[in-house]
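1. Here is a sequence with its predicted model. Questions after.
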Amino acid sequence: MTEVAARESTGLRRWTVVGVLSMCVLVPFMDVTMVSIDLPKIAAALHASPGQLQWIVISYIVACASGMLLVPALGGRWGQRRTLVTGLVVFGAASLAAAYATDVGWLLLWRVVMGAGASVVLPMRVSITTGLFPPEQRRRAFGIGTAVVASATPLGPILGGALLEHSWWGSVFLINTGLVVLACPLLLVLVPEARAEQPHRADVAGVALAGAAVLAISAGLIDAAGGGRAWAAAWLALAAVLVIAFGVRQRRAEHPLIELSVLRVPRFVWSQLVIVLANLAWTGAMFVVPMYLETRLGVDPLGVGLRLLPFAGFVAVSSLLSDRVARRVGVRWVVIAGLLVFAAGLALLAFAVSAGDDALITVALGVAGFGGGIPQAPALSAAMGSLPPKSARNGAGFINALRHFGGAFGVLAVGLVTVPAGALAERTGPAVLVLAVLLVFAAVLVVALPERAE
């Protein structure tokens, strides 16, 4: 069944499908937030170093992002629904294994497998949504997904915190398995199957080069944080070579992961940079704030989740409103306004964290959430809309992979600030948040500069 046929066959069921897909998106995102509050227990139980804790988060994100580059081609050949269900099953099984890992090495292995399974979710959600909805309705559908992703921010700590108060560190991974068991039957019943009319082979070499480049950058930055300057320089030099090789491969490949010609399209460039920079800031802040609340203010994991509720709630509200406003005033200005509010919220959060003001932290999270939710769906819709039709399928994977790579670099940025200080010391939390503010302002400049952004 082609994507057009899928659109015609769903009728009023389309929004139900959006709900099911949003639940699927919730699963891998909630994992990230649950693991963030689980890190202190993992460190104590498995004797993990600060660098190993970073790898526990980064290995999952990098595997997820790398897999996203392959998924669109696989979905076109195997069928989008079948690919999505298969990935979720892999994710759920690996989560079950991770729950009972006996050391850091095994946990890292299962985190990689979890990331590979989770990599199907976002590209298939974007591809299925693009096939089901006409362009004028896609921003609303994408906005619902962004709102659901935001709900993962407090739900992960709340559910995970409730478990961690009464159980061992691995219990949080069992939530993933339970949600997968719930989601897969709904997908099989409600989501129509769709395949590409002319499926093509995946660019495995391109994926390998991209994943290796990000791993080399990650290793270099972690070594830099740990003081290993020689190794850091070597890793970063290797990363530069791999990035160049990736570009050469994309220029020569019969079916590249991304057409390099889109880099000459201003709307695509600025929307991609916004997605990367905003998620770098978002992930870095959300990595440091839960641990900061636990270590500085002595808040329990459940309390951390409750304090993050305003952030998620306002992200949900602003994500759903952004589409309506964008249609009236234009995507570019909505994105700029959202980024400025996001930066203001992060700046207020940096001040509140520095002062140790619990109530002000909650207010600042709400402001940051409202601003952070505004640009996501318009930027994603702008990026997808600027791709030529033949690149739309692979473009979904590339766009979401870059979003996740941005998240991985957010965690690495936290490490560059915190690891040299020995831990998440009092002075490092505000520094991370100030860095996030600067990244958001960089995103504002990126959007404001192009004359043909609209």
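-> Structure received.

2. Give the other helices and strands that whichever strand or helix holds residue 246 contacts.
-> Assigned by DSSP states H and E, residue 246 belongs to helix 229-252. Contact here means 3 or more C-beta pairs under 8 Å, 6 or more residues apart in numbering; DSSP states H and E; on that basis helix 229-252 packs against helix 204-226. C-beta: built from backbone N, CA, C; applies to glycine.

3. Mind listing residues that contact the helix it packs on?
-> Residues from elsewhere that reach helix 204-226 (C-beta atoms under 8 Å, 6 or more residues apart in numbering): 51, 54-55, 58, 62-63, 65-67, 69-70, 229, 231-236, 238-239, 242-243, 245-246, 249-250, 253, 256-257, 401, 405, 408-409, 412, 415-416, 418-420.

4. From those residues, list the buried ones, please.
-> Neighbour-count burial (16 or more other C-beta atoms under 10 Å) is assigned, among the contacts of helix 204-226, to 54-55, 58, 62-63, 65-67, 69-70, 232, 235-236, 238-239, 242-243, 245-246, 249-250, 256-257, 401, 405, 408-409, 412, 415, 418-419.

5. any weak-confidence spans in the stretch 351-454 of the chain?
-> 388-397, 413-429, 449-454 (pLDDT under 70).

6. residue ranges of the helices in it, please?
-> In the stretch 351-454 of the chain, the helices defined using DSSP state H, counting those that start in this stretch lie at 358-373, 376-385, 392-418, 428-448.

7. Export only the CA atoms of the first one, formatted as CSV.
-> In CSV, the C-alpha atoms belonging to helix 358-373 read as follows (Å, rounded to 0.1, in the frame of the first residue of the first chain):
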residue,chain,number,x,y,z
ASP,A,358,13.2,25.4,45.1
ALA,A,359,10.0,27.4,44.2
LEU,A,360,11.7,29.6,41.7
ILE,A,361,13.2,26.5,40.0
THR,A,362,9.7,25.2,39.4
VAL,A,363,8.5,28.5,38.0
ALA,A,364,11.6,28.7,35.7
LEU,A,365,11.0,25.2,34.4
GLY,A,366,7.4,26.3,33.5
VAL,A,367,8.7,29.3,31.5
ALA,A,368,11.4,27.2,29.8
GLY,A,369,8.8,24.6,29.0
PHE,A,370,6.5,27.1,27.4
GLY,A,371,9.2,28.6,25.2
GLY,A,372,10.8,25.2,24.4
GLY,A,373,7.6,23.7,23.1
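
8. how close does residue 149 get to residue 340?
-> Distance of residue 149 to residue 340, given as C-beta to C-beta, to the nearest Å: 21 Å.

9. Over to residue 25?
-> 27 Å.

10. Mind splitting this structure into its structural domains?
-> 8-186+255-448, 204-254 (automatic domain parsing).

11. Export the ones you listed as TSV, with columns for distance to residue 192.
-> Listed next are the domains of the chain as TSV, based on distance: least, C-beta to C-beta, whole Å:
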stretch	distance to residue 192
domain 8-186+255-448	6
domain 204-254	27
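
12. just these: most buried one?
-> Most buried of the domains of the chain, by mean neighbour count (mean count of other C-beta atoms under 10 Å): domain 8-186+255-448, with a mean of 21.

13. show me where pLDDT drops low in the stretch 51-200 of the chain?
-> For the stretch 51-200 of the chain, the ranges with pLDDT under 70 are 146, 150, 153-154, 196-200.

14. go again using 50 as the cut-off
-> Low-confidence regions of the stretch 51-200 of the chain, defined here as pLDDT under 50, do not occur.

15. For the residue nearest the centre of the chain, give me its contacts.
-> Nearest residue to the geometric centre of the chain (C-alpha atoms, centre = their mean): residue 404, 4.3 Å. If a contact means C-beta under 8 Å, 6+ apart, then residue 404 has 61-62, 64-65, 68, 122, 279 as its contacts.

16. close enough to count as contact, residue 398 and residue 257?
-> Yes. The pair residue 398 / residue 257 is scored as a contact, 5.6 Å apart, by C-beta atoms under 8 Å.

17. got any residues that touch both of those two?
-> Counting by C-beta under 8 Å, 6+ apart, the residues touching both residue 398 and residue 257 are residue 69.

18. if I look at residue 253, how far off is residue 402?
-> For residue 253, the distance to residue 402 - C-beta to C-beta - is 18 Å.

19. Where is the longest helix in the chain?
-> Counting by DSSP state H, the longest helix found in the chain is helix 14-46.

20. how far is the next helix or strand after it from where the chain is centred?
-> Next in sequence after helix 14-46, counting helices and strands by DSSP H and E, comes helix 50-78. Offset of helix 50-78 from its chain centre (C-alpha atoms, centre = their mean, to the nearest Å): 10 Å.

21. Helix 50-78 vs helix 14-46, what angle?
-> 150 degrees (axes from the mean of the first three to the mean of the last three C-alpha atoms, to 10 degrees).

22. Against which helices or strands is helix 50-78 packed?
-> Taking 3+ C-beta pairs under 8 Å, 6+ apart as the contact cut, helix 50-78 packs with helix 14-46, helix 80-99, helix 104-118, helix 121-132, helix 204-226, helix 392-418.

23. picking that back up, minimum distance to residue 269: which of the helices of the stretch 351-454 of the chain has it?
-> helix 428-448 (8.0 Å; C-beta to C-beta).

24. what helices or strands is the closest one leaning on?
-> Using 3+ C-beta pairs under 8 Å, 6+ apart, helix 428-448 is in contact with helix 266-296, helix 331-355, helix 392-418.
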